[in-house]
Every structure is written in structure tokens, then in C-alpha cells.
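J.: Here is my input; please provide its structure:
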Amino acid sequence: MMKKMYPKFKPTRIKWDGDRIVGCQSTNHSVCKGELWECERCHKIVCWEEGYADDLVDLCDDCWYDIEVLGQEYSIANVSTWRLGYETT
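T.: Residues are numbered from 1 along each chain as shown. As a prediction, this is how the structure comes out:
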């Protein structure tokens, strides 16, 4: 009998706190949508409310603004600083 190559994954359940998904680090919106994902540039965890740009789909709104409006490079070294106002676990 052949061993299974992949571990079993449990379906994830999204945890909500009012209109926000627990763990969403966005400061650009007050109502979350969809699921959480990680920005490719700054690694911030945000929900589907961010990242709707057609040209840079794997970026949060803050990184998209830095690149498209401020003219910064896509490089990780040029990521703008952001701080959470609360601790995540």
C-alpha cells in the first residue's frame, strides 16, 4: 500500500469580529471581504478588500500606492513602514 504524499488539511473557518476578519492588518478599510492573503512585497496579511489593481495583483493597497503613485521600486528594500495599533497572535 502506498503512503499518502500530502498531509490532510482541515478546511479553515474564517473568524470574524464584527465586520472585520480576525487577523486582517489593513488600516485602509473598516469592513472585510473574502479571505486573508499575504502581500508579496511587505508581507502584511490583508483581506480581499485590498489588492484589486489589475497590474499589481499580489500587492496590498499601501504597496501599490508606493509603487504606482510615489514611483518607488517593487523591491522589498523600499517597503514603506507600517505599524499595527494592536498585537496579533
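
J.: Next one: residue 30 relative to residue 38, how far apart?
T.: With distances taken as Cβ to Cβ, to the nearest Å, residue 30 is found 21 Å from residue 38. Using the backbone N, CA and C atoms, a C-beta is placed for each residue, glycine as well.

J.: Comparing these two, which shows the higher neighbour count?
T.: Taking neighbours as other Cβ atoms under 10 Å, residue 30 and residue 38 compare with residue 38 leading, 13 against 10.

J.: I figured that one hits residue 45, correct?
T.: Yes: if you go by Cβ atoms under 8 Å, residue 38 and residue 45 touch, sitting 5.6 Å apart.

J.: now the helices for this structure?
T.: Under the criterion DSSP state H, helices of the chain are mapped to 61-68.

J.: Give me the below-cutoff pLDDT ranges for the chain.
T.: Within the chain, the ranges that satisfy pLDDT under 70 run 1-12, 53-54, 76-89.

J.: can you rerun that using 50?
T.: 1-2, 81-89 (pLDDT under 50).

J.: Could I get the full set of strands for it?
T.: Secondary structure of the chain by DSSP state E: the strands cover 16-17, 20-21, 37-38, 45-46.

J.: Of those strands, which stretch is the most buried?
T.: strand 45-46 (a mean of 20; mean count of other Cβ atoms under 10 Å).

J.: same for that strand, what does it pack against?
T.: Other helices and strands packing on strand 45-46, by 3 or more Cβ pairs under 8 Å, 6 or more residues apart in numbering; DSSP states H and E, are strand 37-38.
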